[in-house]
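>>> Got a predicted model here, sequence first, then my questions.
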Amino acid sequence: MARESFLLRTDPKILSLLRRWAEDDLRSTNGQLDFILRKALRDAGRLPSKEKKSKKKEPTDG
């Protein structure tokens, strides 16, 4: 998967809290932000979850 970078401007307090959260989860700040964005997209139905992708229809009787 190709990655693309972009500039994010945010409040220094928010960045500090994000960095602390990332440390708690043993992730980089970038990795934590990516994790948060993916979860938000999945929860909003804009990014299919792995389970939805691999789910197959069960055959029905009749």
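Received it, and whenever you're ready, just let me know what you need.
>>> Just say helix, strand or coil for residue 35.
helix (DSSP: H, G, I helix; E, B strand; the rest coil).
>>> what sits against it?
Residue 35 makes contact with 25, 27 under the criterion C-beta atoms under 8 Å, 6 or more residues apart in numbering. In short, each C-beta sits where N, CA and C put it, glycine included.
>>> Then residue 18?
10, 29, 32-33.
>>> Would you mind measuring from it to residue 6?
Per C-beta to C-beta, to the nearest Å, residue 18 is found 16 Å from residue 6.
>>> ok, now residue 34?
Per C-beta to C-beta, residue 34 is found 12 Å from residue 6.
>>> who has more neighbours, these two?
More neighbours surround residue 34 than the other of residue 34 and residue 6, with 13 against 4 (other C-beta atoms under 10 Å).
>>> Any chance of JSON lines for the contacts of residue 18, columns distance to residue 48, secondary structure and pLDDT?
Putting those into JSON lines (distance: C-beta to C-beta, whole Å; DSSP: H, G, I helix; E, B strand; the rest coil; pLDDT from 0 to 100) gives the following:
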{"residue": "10", "distance to residue 48": "28", "secondary structure": "coil", "pLDDT": "96"}
{"residue": "29", "distance to residue 48": "26", "secondary structure": "helix", "pLDDT": "97"}
{"residue": "32", "distance to residue 48": "22", "secondary structure": "helix", "pLDDT": "97"}
{"residue": "33", "distance to residue 48": "21", "secondary structure": "helix", "pLDDT": "97"}
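>>> Pick the one among the residues you listed closest to residue 47.
residue 33 (15.0 Å; C-beta to C-beta).
>>> Next, the most centrally placed residue in the chain: secondary structure please.
Compute the mean C-alpha point of the chain, and by C-alpha atoms, centre = their mean the closest residue is residue 38, 2.1 Å away. Following three-state DSSP, we place residue 38 in the helix state.
>>> Make sure it is actually in contact with residue 46.
No - with contact defined as C-beta atoms under 8 Å, residue 38 does not count as touching residue 46 (10.1 Å).
>>> Give me the pLDDT for residue 52.
If you check residue 52, the pLDDT there is 54.
>>> low pLDDT regions in this protein?
Scanning the chain with the threshold set as pLDDT under 70 gives 49, 51-62.
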